[in-house]
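Student: below is the sequence, then the predicted model.
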Amino acid sequence: MKLVVIGGVAGGASAAARVRRLDPHARIVVLERGEHVSFSNCALPYHLGGVVPDADSLVLMTPESFRRQHDIEVRTRSEAVAINREAHTVTVRDLTTGETYDEPYDKLVLAPGAAPVMPRSIAGIDRENVFSVRNVTDIRALKAYVDRPDVERVAVVGGGFVGIEVAENLVRAGKRVSVIEGTDQILAPYDHDMVQTLHKELDDNGVELLLSTTVAAVEDGCVRVAGPDGAAGEVAADAVVMAVGVAPETKLAVDAGLSLGETRGIRVDHDFRTDDPDIYAVGDAVELYDALAHRPGRLALAGPAQWAARAAADSMYGIPSRNAGFIGSSCIQVFSQNAACTGLNERAARAAGYSFDSVLVYPPDKVGLMPGSNYMGFKLVFEVPTGKLLGAQAIGRGNVTQRVDVVAALISMGGTLEDLKGVELCYSPVFGTAKDVVNMAALVGLNVLGGRFRQVHVDEVRGLVESGAYIVDVREPGEFEAGHLNGAHNVPLSQLRERMDEIPRDVPVYLHCRSSQRSYYAICCLQGSGYDNVVNISGSYLGISLYEYFDDKRLGREPIMDAYNFR
């Protein structure tokens, strides 16, 4: 068999390598229009900040190493310009010589990837100081430009994963950075209550974060923008990095008569075969199946690209694969904060038509007396009334990926809150707590699901304070004096039994502490004493502080507390 692969990064290189393992006699040709194959796409931003000092180290394999190790012929600067399905050939243009030729194939794998979106509506988008980040050539050009002594301010347009990683690394390189994002938050897979911690982290590290702001033009020394109210303004910028998203590279497939799906990705079957039985497609250009939303979707991540590549290669040799779709797991580091998520957030669960609820907890990531113990914000989204796990988000200075990976594994197996409650995990005081963060979140979720107590979410607290709701803070007096919600009543848990008569029975009473644990104990005590009007504030004072801080500062609004508390 002769295999031709179009695209030599994650999906394409993986498909070629898998075919070689299955068939030592196959002839394999990989066509890549860029200068490099098999480079670490996800590590590109880290070259800007010196985490990856040498750009050459981003390239994991060269054409020569492919030939020596795997007997795979890799041709760089070779652009596939047409697929001739009846003739089983690909028309290739050699970008060095300009010559074209036809390359025959028995099986063909399309792995063209996705291209950065460069909106033509933005005046000045073609200026020499405007960059995108797709490959090693791009990151070298961007680093060479921003390393110039006259480049002090950089505007990053787009607050997705690439944009935030670029912004952090530019700060590490000593630049003054602005992030311009068109929606009201960065990192769309996270809910607004969670991502506020990362908004604060960017702000704490000197990043100017402009939300609900769009770019109109790039001019000398600045970017013209329209703010949340539509008012025109400008952001100082000696260089601009466009990171507003990617679009699947599908022209080659469309020109060959292959179908696109609902999301405008290349349509494939269970084995990643296109309409043509001899042509497969994998990677960022392909339409996948969202296993939780139960509809087509796209996911531009290296892991799914590699899994698809393996399944496609296996299919060529009659090896069955299980295609379970994707649930969407990802993680990112933002300065000192780590963030991870999997499955559906609340917006996605709502859009998919689920009946759902969520819980938000802030337990320590390891035993509190251990050095380096910090809070971890952990949110769990679950279906009502089944308790089926739909998603999780975690942010903190500790090991958030481990916790989210546990939930991701259970989601993939149809797990529920009951399953997560009882999952047995490793424990040592230096790594976690005996009842781990994920176990604790599941227990809280089961309490909410079973109606053992009622809760309100942190985004509802401002309305409660402004309406004069009766709020009880059960922290100790010293904690209360260091910062509390406006109008809150301090009845410490340690004094609750003696002062229970101070709690009214004829109006809703909202309780909180630092992280909702003591307020839960208080609710159990009050409900056991006949109170049926008590409600817990999810996330409590720590969650409220994190939720309110950045927007209070950004919008210049009146705080609902006399001091923020982030510990």
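Tutor: Nice, I can see it.

Student: start and end of stretch 15-28, how far apart?
Tutor: 10 Å (C-alpha to C-alpha, to the nearest Å).

Student: would you indicate which residues of it are buried?
Tutor: 15, 16, 17, 18, 19, 20, 26, 28 (16 or more other C-beta atoms under 10 Å). For glycine as for every other residue, the C-beta is placed from the backbone atoms N, C-alpha and C.

Student: how far off centre is stretch 492-505?
Tutor: From the chain centre to the centre of stretch 492-505 is a distance of 43 Å (C-alpha atoms, centre = their mean, to the nearest Å).

Student: can you give me the end-to-end span of it?
Tutor: End-to-end distance (C-alpha to C-alpha), stretch 492-505: 18 Å.

Student: residues making contact with that stretch?
Tutor: 470, 472, 474-477, 480, 489, 491, 509, 513, 518-519, 521-522, 525-526, 529-531, 533-534 (C-beta atoms under 8 Å, 6 or more residues apart in numbering).

Student: of those, buried ones?
Tutor: Buried members of the contacts of stretch 492-505, scored by 16+ other C-beta under 10 Å, are 470, 472, 474-476, 480, 489, 491, 509, 513, 518-519, 522, 525-526, 531, 533-534.

Student: so what's the backbone phi/psi at the closest residue to residue 110 other than its chain neighbours?
Tutor: Excluding the flanking residues, the one nearest residue 110 by C-beta to C-beta, 6 or more residues apart in numbering is residue 281, at 4.2 Å. In terms of degrees, to the nearest 10, the main-chain angles of residue 281 are phi -140, psi 140.

Student: between the buried residues of stretch 15-28, which is nearest residue 336?
Tutor: residue 17 (37.0 Å; C-beta to C-beta).

Student: gap between the nearest residue to that closest one once chain neighbours are set aside and residue 250?
Tutor: Sequence neighbours aside, residue 70 is the residue nearest to residue 17 in space, at 6.1 Å (criterion: C-beta to C-beta, 6+ apart). Look at residue 70 and residue 250: by C-beta to C-beta, to the nearest Å, they are 28 Å apart.

Student: looking at these two, which one has more neighbours?
Tutor: Legend: neighbour count by other C-beta atoms under 10 Å for residue 70 and residue 250, higher for residue 250 (21 against 18).

Student: looking at it, that one is touching residue 265, isn't it?
Tutor: Yes: contact criterion C-beta atoms under 8 Å: residue 250 and residue 265 qualify, at 7.0 Å.

Student: shared neighbours, these two?
Tutor: Joint contacts of residue 250 and residue 265 (C-beta under 8 Å, 6+ apart) are residue 285.

Student: contacts for the strand or helix carrying residue 332?
Tutor: Here residue 332 sits within strand 330-334, counting by DSSP states H and E. Outside strand 330-334, the residues that touch it by C-beta under 8 Å, 6+ apart are 161, 164-165, 168, 187, 189, 198, 201-202, 301, 338-342, 400-401, 404.

Student: can we see that at 10 Å?
Tutor: 46, 160-162, 164-165, 167-168, 186-187, 189-190, 195, 197-202, 205, 207, 299, 301, 303, 338-342, 394-395, 400-401, 404-405 (C-beta atoms under 10 Å, 6 or more residues apart in numbering).
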